[in-house]
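# Sharing a model that was predicted from the sequence below.
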Amino acid sequence: MAFQQIDLEHVQSHPSISSTTSKRTLENARERAVKNAYIRARNWQYAQVAAFTVLCVLSMVTYVTLSYANGTFSPECVLGANWAAVREGPKPGEWTLSVDQIKWGNLEWCDFTQYSFAASTIASFMLGWFFILFRPVEKSFRNR
């Protein structure tokens, strides 16, 4: 920005350039600066919408996966469980999980993680929608 101001000052103080030419040059420089600012704001907005979309999808996938896992083992919590593998059978590679010997995790862990993923899904959807609705406009308010 400082580089553009130095150029504008040079153009305005130069005696051989007429005042209309310097005004046009100044207006063109301002239009370019406004357009560049608009492009930067638009690109930043696109990046935010993309990040919120990725966050929404990943949170929803994690929430659904975790809810299916917890639904299968209801009312126990899979998170933090100590699994007990028991070797059964005549073959050396046969292992089974003994459900009776599993020490299950705390139920509050499962409830909190499901809530946090559901809340982040909803929040990222709302913020992404907010950024889509309030996207930057190319013209300023005084030029409308």
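Received, thanks. Predicted model, so just to flag it, every value in this text is computed and none were measured.
# after the lengthiest helix in the chain, next one along is what?
The longest helix of the chain (DSSP state H) is helix 19-72. As assigned by DSSP states H and E, the chain's next helix or strand after helix 19-72 is strand 77-82.
# circling back: list the helices and strands the longest helix of the chain packs on?
Contacts defined by 3 or more Cβ pairs under 8 Å, 6 or more residues apart in numbering; DSSP states H and E place helix 19-72 against helix 2-13, strand 77-82, helix 107-133. Heads up, the C-betas are built off the backbone N, CA and C, glycines and all.
# now the angle from it to strand 77-82?
Helix 19-72 runs at 70 degrees relative to strand 77-82, counting by axes from the mean of the first three to the mean of the last three Cα atoms, to 10 degrees.
# Can you pull up the most central residue in the chain?
Relative to the mean C-alpha position of the chain, the nearest C-alpha, by Cα atoms, centre = their mean, is the one of A51, at 2.5 Å.
# mind checking which of the helices and strands packed on helix 19-72 is nearest S22?
Closest to S22 of these is helix 2-13 (Cβ to Cβ; 5.1 Å).
# Now do that closest one, average pLDDT.
Per-residue pLDDT values over helix 2-13 give a mean of 50.
# got it, and stretch 36-47?
89.
# for that stretch, the distance to its chain's centre please.
Relative to the centre of its chain, stretch 36-47 is centred 15 Å away, using Cα atoms, centre = their mean, to the nearest Å.
# now stretch 126-133
On Cα atoms, centre = their mean, the centre of stretch 126-133 falls 11 Å from the chain's centre.
# Touching it from outside, list them.
Here stretch 126-133 makes contact (Cβ atoms under 8 Å, 6 or more residues apart in numbering) with 45, 48-49, 52-53, 56.
# So which bits of it are buried?
For stretch 126-133, a neighbour-count test (16 or more other Cβ atoms under 10 Å) marks 127-128, 131 as buried.
# With that, I have no additional questions.
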